[in-house]
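> when you get a sec, could you give me coordinates for this:
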Amino acid sequence: MEYLSENVITKDYVASNRQIIEKFYSVQFAIDGRAPLYQFRIKNIPPDGPGILVGEKSAVLSRLNVGDELDMTYCPCGAAAVSKELRTKVMRVDHHTEGRFEGHVAIGLSVVEQS
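I've put the predicted structure just below:
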């Protein structure tokens, strides 16, 4: 598991980021503003909150690194609700070799600022 070294996980951090899980269903982004556009469902990934699960053979893994900041579009659950673009930091990369998420990589996300 790789974590952002300056990241200190506090209760406030976890609480504020869990609000993302409650408000939004999925996230989409392009790396460096170029195609392809990646879209993933937001998951609550313990211990620290929101993230995405990526197949271990996905091409996006070679382009995401801990500490990267990306503009991500967060898509809400309801069709009538409006998507929101938020600056987001990759906080951790956790390769799962067994259990429920076997064959996937958990990417921990943290909203840095609203665009």
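
> when you work out contacts or count neighbours from here on, use the C-alpha atoms and nothing else.
Will do.

> send me stretch 106-115 as PDB with only the CA atoms.
Provided in PDB are the C-alpha atoms of stretch 106-115 (Å, rounded to 0.1, in the frame of the first residue of the first chain):
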ATOM      1  CA  ALA A 106      -8.100   0.900  -4.600                       C
ATOM      2  CA  ILE A 107      -7.300   4.500  -5.400                       C
ATOM      3  CA  GLY A 108      -8.000   6.800  -2.400                       C
ATOM      4  CA  LEU A 109      -9.200  10.300  -3.300                       C
ATOM      5  CA  SER A 110      -9.400  13.600  -1.400                       C
ATOM      6  CA  VAL A 111     -11.000  16.700  -2.700                       C
ATOM      7  CA  VAL A 112      -8.500  19.600  -2.500                       C
ATOM      8  CA  GLU A 113     -10.700  22.500  -3.800                       C
ATOM      9  CA  GLN A 114     -13.700  23.300  -5.900                       C
ATOM     10  CA  SER A 115     -13.100  24.500  -9.400                       C
END
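
> chain center to that stretch: distance?
Put simply, stretch 106-115 sits 6 Å off its chain's centre (Cα atoms, centre = their mean, to the nearest Å).

> ok, Glu102 to Leu53 distance?
Separation of Glu102 from Leu53 (Cα to Cα, to the nearest Å): 10 Å.

> of those two, who's got more company?
Leu53 (22 against 12; other Cα atoms under 10 Å).

> that one reaches Tyr38, doesn't it?
No: under the criterion of Cα atoms under 8 Å, Leu53 makes no contact with Tyr38, lying 11.9 Å away.

> what's the overlap in contacts for those two?
Here Leu53 and Tyr38 share no contacting residue, scored by Cα atoms under 8 Å, 6 or more residues apart in numbering.
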